[in-house]
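Engineer: Output the structure for:
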Amino acid sequence: MSETNEVRWNHLTAAELNVLAERGAVVLLPIGSTEQHGPHLPTGVDDFMAAEVCRRAAHMVDKRTPVVVAPSIPFGLAEHHMLFGGTLTLSLSTLHALLRDLCRSIDRAGFDWILIVNGHGGNMTALHALITELTAELSISVGFTNYFTAGRMVIRETLETQDGLMHACEGETSMVMAALPHLVRTQELDKAVGPAITLPAESTDPVYFAVSFRVITESGVAGNGDKATAEKGERILDGCAQALADLLVTRFRRR
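Structural biologist: The predicted structure follows:
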């Protein structure tokens, strides 16, 4: 994939960002988490992959829709991973306050469109609620998507052992192998296995209880990280980016 114009907010000057705001650019705001990802992956997986998909999507639509990728937010709601160690988590009120202030700043910088792009399942419910509040508070349009929801079809078609992303699994491990291969502890891949989990959107459990992820899997892995390949990861990243790019072109109009 060839890259032409710079799309990262913190690599642009204020003057360049002012021009993009005047052009009606959409601001992508990636958010992930910093949490354990089994014995073989770094704690920044959710953050890194959300930012990577946003960057790729922005370049895909560069000639059609101006897009700016804001600095990614590396923290989210990760209480369920705390017992493993190596995890940083926010409270719900802190997460909402942080995102509210950032969206207000983007509004004051002259932009009319924000799309929060999430890479961590634990953030989903909180982000849905926040979007409702921000829509009432701000004069600009704020939307929310999960990159793995936008790209669910390519994920399903690519993976061999599961239908969607789980945790430190075949899919996430493949994406890190493709984007940041030096961060994969390949000597630990034989330990990167755990039970399959029901994806939140597909749960049929009538009652919700908060439980530690350690109750679900001792390894910290859900799925089969040992089945990952860089080729699968590249296909997933590009496929999710293309799905996000399609949303940018069809759902956000230019001035």
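
Engineer: Check the gap between Trp9 and Arg214 for me.
Structural biologist: Plainly put, Trp9 is 36 Å away from Arg214 if you go by Cβ to Cβ, to the nearest Å. For glycine as for every other residue, the C-beta is placed from the backbone atoms N, C-alpha and C.

Engineer: Who has more neighbours out of the two?
Structural biologist: Trp9 (18 against 15; other Cβ atoms under 10 Å).

Engineer: which residues sit in contact with the closest residue to the more buried one other than its chain neighbours?
Structural biologist: Computed as Cβ to Cβ, 6 or more residues apart in numbering, the closest residue to Trp9 that is not its neighbour in sequence is Ala70, at 4.7 Å. Taking Cβ atoms under 8 Å, 6 or more residues apart in numbering as the criterion, Ala70 is in contact with 9, 27-30, 102, 106.

Engineer: just the strands in the stretch 151-255 of the chain please.
Structural biologist: Here the stretch 151-255 of the chain has its strands, by DSSP state E, counting those that start in this stretch, at 193-194, 223-224.

Engineer: Which one of those strands lies nearest to Thr135?
Structural biologist: Ranking those by distance to Thr135, with Cβ to Cβ as the measure, places strand 223-224 first at 34.6 Å.

Engineer: surely Glu79 meets Thr89?
Structural biologist: Yes - if you go by Cβ atoms under 8 Å, Glu79 and Thr89 touch, sitting 5.2 Å apart.

Engineer: wait, Asp112 sits on Ile140?
Structural biologist: Yes - with contacts counted by Cβ under 8 Å, Asp112 reaches Ile140, the gap being 4.9 Å.

Engineer: So for stretch 100-119, first residue to last residue, what's the gap.
Structural biologist: 18 Å (Cα to Cα, to the nearest Å).

Engineer: Start the count at 32 instead of 1 going forward.
Structural biologist: Okay, using 32 as the starting number, the last item reads as stretch 131-150.

Engineer: Please report phi then psi for the residue nearest to Trp40.
Structural biologist: The phi and psi values for Ala101, taken as degrees, to the nearest 10, are phi -70, psi 160.

Engineer: now what about the helix or strand harbouring Val50, what contacts it?
Structural biologist: Element membership for Val50 (DSSP states H and E) is helix 45-53. Residues outside helix 45-53 that contact it (Cβ under 8 Å, 6+ apart): 37, 40, 43, 97, 99, 140-143.

Engineer: Reformat those residues into JSON lines and put pLDDT next to each item.
Structural biologist: Listed next are the contacts of helix 45-53 as JSON lines, based on pLDDT from 0 to 100:
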{"residue": "Glu37", "pLDDT": "95"}
{"residue": "Trp40", "pLDDT": "98"}
{"residue": "Leu43", "pLDDT": "97"}
{"residue": "Pro97", "pLDDT": "95"}
{"residue": "Val99", "pLDDT": "98"}
{"residue": "Ala140", "pLDDT": "98"}
{"residue": "Gly141", "pLDDT": "97"}
{"residue": "Phe142", "pLDDT": "97"}
{"residue": "Asp143", "pLDDT": "95"}
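
Engineer: Write the ChimeraX selection for whichever of those are buried.
Structural biologist: This is the ChimeraX syntax for the buried subset of the contacts of helix 45-53, where burial follows 16 or more other Cβ atoms under 10 Å:
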select :40,43,97,99,142,143
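
Engineer: from the contacts of helix 45-53, which is closest to Ala223?
Structural biologist: Trp40 (33.9 Å).

Engineer: Kind regards, and thank you for your time.
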